[in-house]
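Asker: what follows is a predicted protein model with its sequence.
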2 protein chains.
Amino acid sequence: MSKILVFGHKNPDTDTIASAIALDYYLEKLGYDSESVALGNPNEETAFALNYFNISAPRVIETASNEVTQVALVDHNEPQQSVNDIESLEVLYVVDHHRINGFNTAQPLYYRAEPIGSTASVLYKMFQEKDFDIPSAIAGMMLSAIISDTLLLKSPTTTREDEMIAYELAKIADVNIDAYGLKLLKAGTNIASKSAKELLASDSKVFEMHEHPVQIAQINTVDFVDVSSRKEELLEEISKTLKDSDVELFVVLVTDILENNSFAYVIGQNLEVVEKAFEQKVVDNEIQLPGVVSRKKQVVPQLTDAYSK
Amino acid sequence: MSKILVFGHKNPDTDTIASAIALDYYLEKLGYDSESVALGNPNEETAFALNYFNISAPRVIETASNEVTQVALVDHNEPQQSVNDIESLEVLYVVDHHRINGFNTAQPLYYRAEPIGSTASVLYKMFQEKDFDIPSAIAGMMLSAIISDTLLLKSPTTTREDEMIAYELAKIADVNIDAYGLKLLKAGTNIASKSAKELLASDSKVFEMHEHPVQIAQINTVDFVDVSSRKEELLEEISKTLKDSDVELFVVLVTDILENNSFAYVIGQNLEVVEKAFEQKVVDNEIQLPGVVSRKKQVVPQLTDAYSK
């Protein structure tokens, strides 16, 4: 059997890195020859988790078809979020927790998605179903993924299953969820040290919304002022990005992970679509999004819908 | 919780009907209010199985959005194979064993696909994972689905898992696989009683292949002559169908289920694509396909690839 590369989306977050590591381990248990890789370097939050559980960061790749013919995707399916040469690869496995969009294959495949808080939670269920043990360090990474994607089990994407799975994983990894979780989330909110470009790139995805390419970045913070004090610099950087790409609209979701609240900067075409989606006015490229913390559940479907109206 | 309709593809086959019945039962066990329905009447093979296991045929629907907002799909995902108003429904669950093509959602969902012989086999694994019992009659329908889709475990889509699952289901349903299986398959090959139109419609699907709509019907027989003696009538009927639709190419796969062999009638544009796909000449709208029995594994990927060359 030829080798399979396992990877998550571009601008990798903790769920993408942890799930690639976990699915790699799972596939090896099934007898495949696999390797987890990444489409970028770990962000600071993920680096904290990797360091805490003493796991090396996966090797970064630009393309996969120079190494393999078959790949396994975690935590994404949309081609523009995947490796650049995804169209010339056979996707053998997908494990995900997002909508399905623009993902087409010629062959039948394994596809496992559930509308729950993290891809790592889906993987936990797959391990359970096969009765596979999870090594402590991998359990720690999977727990970190759940904490990251659910903002410590508080995001509206969190299900009872995620909670139960997080507690099981915390036992295996031997950490206290709340104490570890807060340290992990705070490690990802180090805003002062980053350039505007880095802030925008660290958790950014492009979505096709009824043929409109929309880029949505998310910046987590423990204080809105840390971000809003850099508004001009951020808007300038976004304008530059828009000039060089076919993206029509750029949204930066700024989320206070302690207060579970967001506002967003929006630049580009059709700002009235954003106003329609959230029933709020855009003032000076800024829109208030009280109670919003989840891009996937509270931003993407609403914007997609608004484009079709 | 509002009601969920569960259904398979248009021109339903045994796997589509059986899997809708099985997923309906599974969802009810999970606490959902669901109903299995169908996008057409059962074919003769499926009618034989329903009669044998004393299950009523699912109600036939034309549209779903007049009844529900949420649906569960089995045994298909491509929109042109689904209910006519699929675009105005939220797909909550998909259980399938086909390629993914043209399937887009705005929301995260449950998606469970595996590259194995039948959707019923995937459902069997889902029942096992939840430790749900399968009632004898539903087990009989699921077994019929596996027999039908794998031509009694002989098609190249058959995996070791399908075989093991078929034997487990046969135990629950209390039937002999080989004796029952042959009766079931033969019930579906009653060609003399059907008009050319009925023969073409009974197991027919449209596939988008790099923007080329291709319709592929499959006719199972125990003797090629039963079909080839009606070639003119079939070609005439296909020509009529092509005039009234945007389908570019119509392929009728004629499969001898005892010899595990096929030939095909092909009409439409770009017949050279068919020749490229199968490395055989098309003579008088006919192409020999020795050893081919699976549309999904031995026809669709090859044709799709040939269109992109």
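Answerer: That came through, no problem. Numbers count the residues shown, from 1 in each chain, chains lettered A, B, ... in the order given.
Asker: for the rest of this, base every contact and every neighbour count on C-alpha atoms.
Answerer: Noted.
Asker: tell me where chain A has helices.
Answerer: For chain A, the helices defined by DSSP state H occupy A:14-29, A:44-52, A:119-130, A:136-150, A:160-173, A:177-187, A:196-201, A:224-228, A:231-243, A:271-278, A:295-298, A:300-307.
Asker: let me see the mean pLDDT of the fifth one.
Answerer: Which is helix A:160-173. Taken as a whole, helix A:160-173 has a mean pLDDT of 98.
Asker: that one packs against which elements?
Answerer: Contacting helix A:160-173 under the criterion 3 or more Cα pairs under 8 Å, 6 or more residues apart in numbering or on different chains; DSSP states H and E are the following elements: helix A:119-130, helix A:136-150, helix A:177-187.
Asker: now with 7 Å, please.
Answerer: helix A:136-150 (3 or more Cα pairs under 7 Å, 6 or more residues apart in numbering or on different chains; DSSP states H and E).
Asker: domain assignment for chain A?
Answerer: Domain assignment for chain A by automatic domain parsing gives A:4-187, A:196-307.
Asker: mind checking the end-to-end distance for the longest one?
Answerer: Meaning domain A:4-187. End-to-end span of domain A:4-187 (Cα to Cα, to the nearest Å): 32 Å.
Asker: one more: the shortest one?
Answerer: By Cα to Cα, the extent of domain A:196-307 from end to end equals 28 Å.
Asker: tell me if it is near chain B.
Answerer: Yes - using Cα under 7 Å from any Cα of the partner chain, domain A:196-307 reaches chain B at A:301, A:304.
Asker: how distant is that domain from the center of its chain?
Answerer: 15 Å (Cα atoms, centre = their mean, to the nearest Å).
Asker: next: the longest one.
Answerer: If you compare the mean C-alpha spot of domain A:4-187 with that of the full chain, they lie 9 Å apart, counting by Cα atoms, centre = their mean.
Asker: around A:L27, count how many other residues there are.
Answerer: For A:L27, the count of nearby residues is 17 (other Cα atoms under 10 Å in any protein chain shown).
Asker: just to revisit the earlier point, out of the domains of chain A, deepest packed?
Answerer: When these are scored by mean count of other Cα atoms under 10 Å in any protein chain shown, the highest mean neighbour count falls to domain A:4-187 (a mean of 21).
Asker: what's the mean pLDDT across stretch A:292-306?
Answerer: pLDDT averaged over stretch A:292-306 gives 93.
Asker: which residues sit against that stretch?
Answerer: A:155, A:157, A:209-210, A:255, A:260-262, A:273-274, A:276-277, B:106-107 (Cα atoms under 7 Å, 6 or more residues apart in numbering or on different chains).
Asker: could you do stretch A:101-110 as well?
Answerer: A:77-79, A:92-94, B:97-105, B:113-115, B:301, B:304.
Asker: among the residues you listed, which ones are in strands?
Answerer: Taking DSSP state E, the ones among these that sit in strands are A:92-94, B:113.
Asker: make JSON lines out of the residues you listed and add pLDDT and distance to A:K10.
Answerer: Output for the ones in strands among the contacts of stretch A:101-110, formatted as JSON lines (pLDDT from 0 to 100; distance: Cα to Cα, whole Å):
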{"residue": "A:L92", "pLDDT": "97", "distance to A:K10": "19"}
{"residue": "A:Y93", "pLDDT": "98", "distance to A:K10": "18"}
{"residue": "A:V94", "pLDDT": "98", "distance to A:K10": "15"}
{"residue": "B:A113", "pLDDT": "98", "distance to A:K10": "24"}
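Asker: dig out what A:F250 forms beta bridges with.
Answerer: Judged by DSSP bridges, the bridge partners of A:F250 are A:Q215, A:I267.
Asker: isn't it right up against A:Q215?
Answerer: Yes - between A:F250 and A:Q215 there is a contact under Cα atoms under 7 Å: 4.8 Å.
Asker: what parts of the stretch 1-150 of chain A come near chain B?
Answerer: Counting by Cα under 7 Å from any Cα, the residues of the stretch 1-150 of chain A that sit close to chain B are A:97-115, A:129.
Asker: so how far is B:V68 from the residue of the stretch 201-309 of chain A found nearest chain B?
Answerer: Scanning the stretch 201-309 of chain A for the residue nearest chain B gives A:P301, at 5.2 Å (criterion: Cα to the nearest Cα). Going from A:P301 to B:V68 by Cα to Cα gives 20 Å.
Asker: A:V91 too?
Answerer: Using Cα to Cα, we find A:V91 at a distance of 33 Å from B:V68.
Asker: same question, A:E208
Answerer: On the measure of Cα to Cα, A:E208 and B:V68 end up 27 Å apart.
Asker: sorry, back to before: farthest-apart pair in the contacts of stretch A:292-306, please.
Answerer: Maximum pairwise distance in these, criterion Cα to Cα, is 29.3 Å, between A:H210 and A:N260.
Asker: isn't A:P213 up against A:F207?
Answerer: Yes - between A:P213 and A:F207 there is a contact at 5.7 Å, judged by Cα under 7 Å.
Asker: how about the contacts made by A:D15?
Answerer: Counted by Cα under 7 Å, 6+ apart, A:D15 has contacts A:118-120, A:145-146, A:149.
Asker: sorry, slip of the keys, the one I care about is A:D256.
Answerer: Residues in contact with A:D256, defined by Cα under 7 Å, 6+ apart, are A:220-224, A:262.
Asker: would you confirm that A:I257 contacts A:T150?
Answerer: No - when contacts are counted by Cα under 7 Å, A:I257 is not listed as touching A:T150 (9.9 Å).
Asker: can you pull out the low-pLDDT segments for chain A?
Answerer: Residue ranges of chain A with pLDDT under 70: A:1.
Asker: setting the sequence-adjacent residues aside, check what's closest to A:K10.
Answerer: A:L39 (5.1 Å; Cα to Cα, 6 or more residues apart in numbering or on different chains).
Asker: cool, and A:A22?
Answerer: Nearest one to A:A22, counting by Cα to Cα, 6+ apart, is A:I138 at 6.4 Å.
Asker: A:I172 now?
Answerer: A:S136 (5.5 Å).
Asker: what's the spacing between that neighbour and A:S36?
Answerer: A:S136 is 18 Å from A:S36, by Cα to Cα.
Asker: same check on A:L253?
Answerer: A:L253 is 29 Å from A:S36, by Cα to Cα.
Asker: now swap in A:Q280 and tell me
Answerer: Using Cα to Cα, A:Q280 is found at 42 Å from A:S36.
Asker: kindly report the same for A:D85.
Answerer: A:D85 is 17 Å from A:S36, by Cα to Cα.
Asker: and if you look at A:V299?
Answerer: 30 Å.
Asker: how about A:D244?
Answerer: Going from A:D244 to A:S36 by Cα to Cα gives 31 Å.
Asker: which residues touch the closest residue to A:S82 other than its chain neighbours?
Answerer: If the residues on either side of it in the chain are set aside, A:S82 comes closest to A:H9, at 5.2 Å by Cα to Cα, 6+ apart. Applying Cα under 7 Å, 6+ apart to A:H9 gives the contacts A:16, A:39, A:75-76, A:81-82.
Asker: thanks a lot, see you next time.
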